[in-house]
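# Fold the following and give me the result.
(one chain, ligands or ions: 1)
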Amino acid sequence: MDDHAVLLEGVTRTYGKGATEVAALRQVSVGFRRGSFTAVMGPSGSGKSTLLQCASGLDRPDAGAVRVAGRDITRFGEKELATLRRDQVGVIFQAFNLVPSLTAWQNVILPSRLAGRRPDPARVRELLNRVGLAGREGHRPAQLSGGQQQRVAIARALLGRPEVLFADEPTGALDRGTGHEVLALLREAVDAFGQTVVMVTHDPEAAARADSVLFLTDGRIVDVLYRPSAEQIGARLGGRR
Ligand SMILES: Nc1ncnc2c1ncn2[C@@H]1O[C@H](COP(=O)(O)OP(=O)(O)OP(=O)(O)O)[C@@H](O)[C@H]1O
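Predicted coordinates for the structure are as follows:
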């Protein structure tokens with residue numbers, strides 16, 4: 001039974017102490033199968049980002065295990081986590097982490113270069129074109145809008161073809177056309193390259209591109225829909241909230 005790219009077992013994450021204590025995740029157990037595309041939805045503050053942060057090794061749960069390719073990453077030290085992020089796990093988060101002194105093109109290829117690879121320029125160009133940054137390859141982050149910076153981060157995460165890709169609201173800051181293209185790129189990562197994608201979104205139409213949709217409420221998974229339509233997702237969100 002090891003066809004899970006990522007498996008969370010009883011993951012609990014609590015922030016703060018005493019009166020200000022918030023249980024962001026409560027005993028969450030869920031598996032993400034290899035080559036699957038999962039959307040994560042739920043009200044603001046329900047724990048979606050915390051789930052992604054814990055699953056990607058950016059945050060450490062207080063209890064439980066997070067297995068990536070079978071290995072419990074909650075026991076990893078900083079060095080192992082850095083290697084994990086370089087080789088296996090890609091993240092598209094709102095804090096873009098772009099290097100201010102580098103151009104869009106240079107930012108996209110940086111992680112691959114650091115990993116000792118020589119990225120194919122044709123592929124870099126294709127990715128930049130598809131996220132709508134043609135003509136802006138030479139711009140530095142400060143010369144790009146927030147949405148454009150996010151697109152650089154998306155192209156950067158896709159270039160390395162990581163086994164697992166975590167995306168927090170990847171289409172949130174994008175116009176409709178670019179949003180569709182980004183979803184197509186994520187779908188292609190799954191269908192053509194067998195990557196595993198986990199995406200937080202508030203948009204039922206974006207979530208409908210996934211194979212399944214998890215619903216979080218108050219730090220718990222309360223529902224799962226398989227291959228739902230945008231209408232079914234909207235109804236689920238509008239119903240028992
Ligand atoms: N670093 C932190 N310190 C303290 N509390 C935090 C921290 N990060 C998250 N929380 C709290 O944990 C809970 C879950 O937060 P999380 O960001 O995971 O929710 P979310 O579902 O992603 O919300 P949103 O849709 O608004 O982004 C919230 O109550 C939040 O206030």
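# mind listing the strands for this structure?
Counting by DSSP state E, the chain has these strands, from start to end: 4-15, 22-33, 37-41, 63-68, 71-72, 89-92, 164-168, 196-200, 212-217, 220-226.
# Where among those strands is average confidence lowest?
For those, mean pLDDT drops lowest on strand 89-92, to a mean of 91.
# before we move on, the earlier item: got the strands of the chain as JSON lines, with distance to Gly138 and mean neighbour count columns?
Quick note: C-beta positions are derived from backbone N, CA and C, even for glycine. JSON lines is the format used below for those (distance: least, CB to CB, whole Å; neighbours: other CB atoms under 10 Å):
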{"stretch": "strand 4-15", "distance to Gly138": "36", "mean neighbour count": "19"}
{"stretch": "strand 22-33", "distance to Gly138": "37", "mean neighbour count": "18"}
{"stretch": "strand 37-41", "distance to Gly138": "33", "mean neighbour count": "24"}
{"stretch": "strand 63-68", "distance to Gly138": "36", "mean neighbour count": "18"}
{"stretch": "strand 71-72", "distance to Gly138": "40", "mean neighbour count": "13"}
{"stretch": "strand 89-92", "distance to Gly138": "22", "mean neighbour count": "24"}
{"stretch": "strand 164-168", "distance to Gly138": "26", "mean neighbour count": "24"}
{"stretch": "strand 196-200", "distance to Gly138": "30", "mean neighbour count": "25"}
{"stretch": "strand 212-217", "distance to Gly138": "39", "mean neighbour count": "21"}
{"stretch": "strand 220-226", "distance to Gly138": "43", "mean neighbour count": "15"}
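# For my notes, please list these in a markdown table and give distance to the ligand for each entry.
Below are the strands of the chain laid out as a markdown table (distance: least, CB to the nearest ligand atom, whole Å):
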| stretch | distance to the ligand |
| --- | --- |
| strand 4-15 | 3 |
| strand 22-33 | 3 |
| strand 37-41 | 8 |
| strand 63-68 | 15 |
| strand 71-72 | 21 |
| strand 89-92 | 14 |
| strand 164-168 | 7 |
| strand 196-200 | 6 |
| strand 212-217 | 6 |
| strand 220-226 | 12 |
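# quick one, what contacts Leu51?
By CB atoms under 8 Å, 6 or more residues apart in numbering, the contact list for Leu51 reads Leu8, Val11, Leu25, Val28, Val40, Val200, Leu216.
# Apply 10 Å and report the result again.
When contacts are counted by CB atoms under 10 Å, 6 or more residues apart in numbering, Leu51 touches 8, 11, 13, 24-25, 28, 30, 40, 42, 59, 61, 166, 168, 198, 200, 214, 216, 219, 221.
# Can you add distance to Lys48 and give the strands of the chain back as CSV?
As requested, the strands of the chain are arranged in CSV below (distance: least, CB to CB, whole Å):
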stretch, distance to Lys48
strand 4-15, 12
strand 22-33, 9
strand 37-41, 5
strand 63-68, 16
strand 71-72, 22
strand 89-92, 14
strand 164-168, 8
strand 196-200, 4
strand 212-217, 6
strand 220-226, 11
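# how about the helices of the chain, start to end?
48-55, 78-87, 104-114, 121-130, 146-159, 176-191, 204-207, 230-238 (DSSP state H).
# mean confidence score for the shortest one?
Model confidence over helix 204-207 averages 95 on the pLDDT scale.
# do the first one as well
The average pLDDT for helix 48-55 rounds to 96.
# Run the angle between that helix and strand 63-68 for me.
70 degrees (axes from the mean of the first three to the mean of the last three CA atoms, to 10 degrees).
# tilt between helix 48-55 and strand 220-226?
Counting by the same axes, to 10 degrees, helix 48-55 points 90 degrees away from the direction of strand 220-226.
# Using PDB, write down the CA coordinates of stretch 64-82.
The C-alpha trace of stretch 64-82 is given here as PDB (Å, rounded to 0.1, in the frame of the first residue of the first chain):
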ATOM      1  CA  GLY A  64       1.700  12.800  13.900                       C
ATOM      2  CA  ALA A  65       3.800  11.800  10.900                       C
ATOM      3  CA  VAL A  66       4.100  13.100   7.400                       C
ATOM      4  CA  ARG A  67       5.500  10.500   5.000                       C
ATOM      5  CA  VAL A  68       6.900  11.600   1.700                       C
ATOM      6  CA  ALA A  69       7.800   8.600  -0.400                       C
ATOM      7  CA  GLY A  70       7.500   6.600   2.700                       C
ATOM      8  CA  ARG A  71       9.900   8.600   4.900                       C
ATOM      9  CA  ASP A  72       8.700  10.600   7.900                       C
ATOM     10  CA  ILE A  73       9.800  14.100   7.200                       C
ATOM     11  CA  THR A  74       8.800  15.400  10.700                       C
ATOM     12  CA  ARG A  75      12.000  13.700  11.900                       C
ATOM     13  CA  PHE A  76      14.200  15.400   9.300                       C
ATOM     14  CA  GLY A  77      16.800  17.900  10.200                       C
ATOM     15  CA  GLU A  78      17.300  21.200   8.200                       C
ATOM     16  CA  LYS A  79      19.700  19.600   5.800                       C
ATOM     17  CA  GLU A  80      17.500  16.700   4.900                       C
ATOM     18  CA  LEU A  81      14.500  19.200   4.600                       C
ATOM     19  CA  ALA A  82      16.500  21.300   2.200                       C
END
